[in-house]
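S.K.: Predicted model follows, preceded by the sequence.
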Amino acid sequence: MENLCVSLVGATGRPWTSSAISFPRSKRQSELNRRVIAAASMSRQEIKRIVSKNFVSLALIGGMSIGMLEPRPGQFAQHLGLSRWATAGIFLLSGFTLQDGDINKALEAWPFALQGLISILFITPAAAWLVMQIKLNPKELVTGLAIFCCAPTTLSTGVSLTQLAGANKALALALTISSNLLAVFTMPVSVSLWIGKLGIKFPASKLFRSLVQTLVLPFAIGKLLREVFCFYHPAESIDRHREEISFASALLLSSVPWMQISSSRSLLLQLDARNLIAALFLGIALHFMFLAVNMFLVSLIKTGSKEDDEASSRAVILVASQKTLPVSVAVVETLKAGEGSGLLVLPCIAAHFSQIILDSILVGLWNRGKED
């Protein structure tokens, strides 16, 4: 027994206490803590990777949610005309980052450009006739969606999503600018042909000036700034920051629907839930139809390498399947629709926001597929 007691005495002459006995447990706890910290670090990295991949979708959904919950900041921004400045900023950045090689790729992809223009200006507007055959009460819901079908492509969404998808951005820019300018002349004909005489006084000159100021001039200024900058500095100094510029473009893109839905919130809350659901369903179905048609049409075109054709195809699929809200609303506002004007605008709003969300998800799937 005495020998046992001596063996339990440490070098200091003190007995081996319970804290010393618990040393193995402390070691296990330290190892557990290390693993928890490592797991937390990996979780943060994983969250950062997921947010980075799905930044556009998250920004768009977040912006629209904020607009519905607290509309006053967005309404004030819209009142100041910041939505036009946001669109102009996207085209300014697009011109600033556009390389000469991108322009050459767009020129080589002229069959895709031709198909995209035909789809935007003639094929998708023909869907207005199909929409008008839908028996839905009130009738303004289908009439508003039919007007939306006749509109040109989106002013900023298609270009931004094309850039984020790594597709042919120059082709998307060319399609957006040319189709919106040409639609000033083709949209009145499409509305009259597929919908009928609605008493629309098409604001052609006003729209044309607005498009030049919002799309053409900012793009030209951005391209000019790039040429001046590259005269003194290598182009790589711009191109190495393409990811940061893409994020800035995505933020500008998400600010547009934030302002639009903030301004439309009162209208959305006043409407019957059944009308709102019907408008959303019609808008989603219509966009799926546009995507399917354009996917089929671009699959028929072969110009060069598989990689270049894929980049051009995705640019056309995105740009030619979307319709712009501001032009649709401008046309609706010229109608003497009285109390029904709100119902005419509703399907345009619903279709516009549904196409943004669906296409941002599509871009995320494309990017995920490239990584796999």
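M.R.: Yep, it's here. Computed from a predicted structure; not experimentally measured.
S.K.: what helices or strands is the host helix or strand of residue 309 leaning on?
M.R.: For residue 309, the element it lies in under DSSP states H and E is helix 306-320. Helices and strands touching helix 306-320, as assessed by 3 or more CB pairs under 8 Å, 6 or more residues apart in numbering; DSSP states H and E, comprise helix 100-108, helix 110-118, helix 157-164, helix 169-194, helix 273-298, helix 341-371. (C-beta placed from N, C-alpha, C; glycine too.)
S.K.: One more pass at 6 Å, please.
M.R.: helix 110-118, helix 157-164, helix 169-194, helix 273-298 (3 or more CB pairs under 6 Å, 6 or more residues apart in numbering; DSSP states H and E).
S.K.: what about the ones you listed, which gets the closest to residue 326?
M.R.: helix 169-194 (10.1 Å; CB to CB).
S.K.: Which SSE is immediately downstream of the closest one?
M.R.: helix 204-211.
S.K.: Quick one: list the elements packing against that following helix.
M.R.: Packed next to helix 204-211, using 3+ CB pairs under 6 Å, 6+ apart, are helix 169-194.
S.K.: Settle this for me: residue 208 is touching residue 184, isn't it.
M.R.: Yes - using CB atoms under 6 Å, residue 208 is in contact with residue 184, at 5.0 Å.
S.K.: In terms of packing, which of the two has more residues around it?
M.R.: residue 184 (19 against 15; other CB atoms under 10 Å).
S.K.: how far away is that one from residue 121?
M.R.: Per CB to CB, to the nearest Å, residue 184 is found 11 Å from residue 121.
S.K.: now residue 188
M.R.: 12 Å.
S.K.: Quick check on the two: which one has the bigger neighbour count.
M.R.: Legend: neighbour count by other CB under 10 Å for residue 188 and residue 121, higher for residue 121 (22 against 16).
S.K.: For the stretch 51-200 of the chain, which residues score under the pLDDT cut-off?
M.R.: Counting by pLDDT under 70, the stretch 51-200 of the chain shows low-confidence ranges at 51-57, 197-200.
S.K.: Could you do the stretch 201-350 of the chain as well?
M.R.: 201-204, 235, 237, 239, 268, 270-271, 333-343.
S.K.: now with 50?
M.R.: 337-340 (pLDDT under 50).
S.K.: Dihedrals phi and psi, residue 214?
M.R.: With angles defined as degrees, to the nearest 10, residue 214 sits at phi -90, psi -30.
S.K.: Please look at it and residue 83 and confirm they touch.
M.R.: No - using CB under 6 Å, residue 214 makes no contact with residue 83, being 9.6 Å away.
S.K.: Pull out the buried residues from stretch 247-254.
M.R.: For stretch 247-254, the neighbour count (16 or more other CB atoms under 10 Å) marks 249, 250, 251, 252, 253, 254 as buried.
S.K.: Would you check how far apart the second one and residue 216 are?
M.R.: The spacing between residue 250 and residue 216, counted by CB to CB, is 22 Å.
S.K.: got it, and the fourth one?
M.R.: When CB to CB is applied, the distance between residue 252 and residue 216 equals 18 Å.
S.K.: wait, what's in contact with residue 143?
M.R.: Contacts for residue 143 (CB atoms under 6 Å, 6 or more residues apart in numbering) come out as none.
S.K.: Which helix or strand contains it?
M.R.: Applying DSSP H and E, one finds residue 143 within helix 140-149.
S.K.: that older thread, how big is the angle separating the helix holding residue 309 from helix 110-118?
M.R.: 10 degrees (axes from the mean of the first three to the mean of the last three CA atoms, to 10 degrees).
S.K.: got a list of contacts for helix 306-320?
M.R.: 109, 112, 116, 119-120, 153, 158, 161-162, 165, 167-168, 171-172, 175, 294-295, 298, 303, 359.
S.K.: One more pass at 8 Å, please.
M.R.: The contact list for helix 306-320 (CB atoms under 8 Å, 6 or more residues apart in numbering) reads 105, 108-109, 112-113, 115-116, 119-120, 124, 153-154, 158-159, 161-162, 165-169, 171-172, 175-176, 179, 290-291, 294-295, 297-299, 301-303, 359, 362-363, 366.
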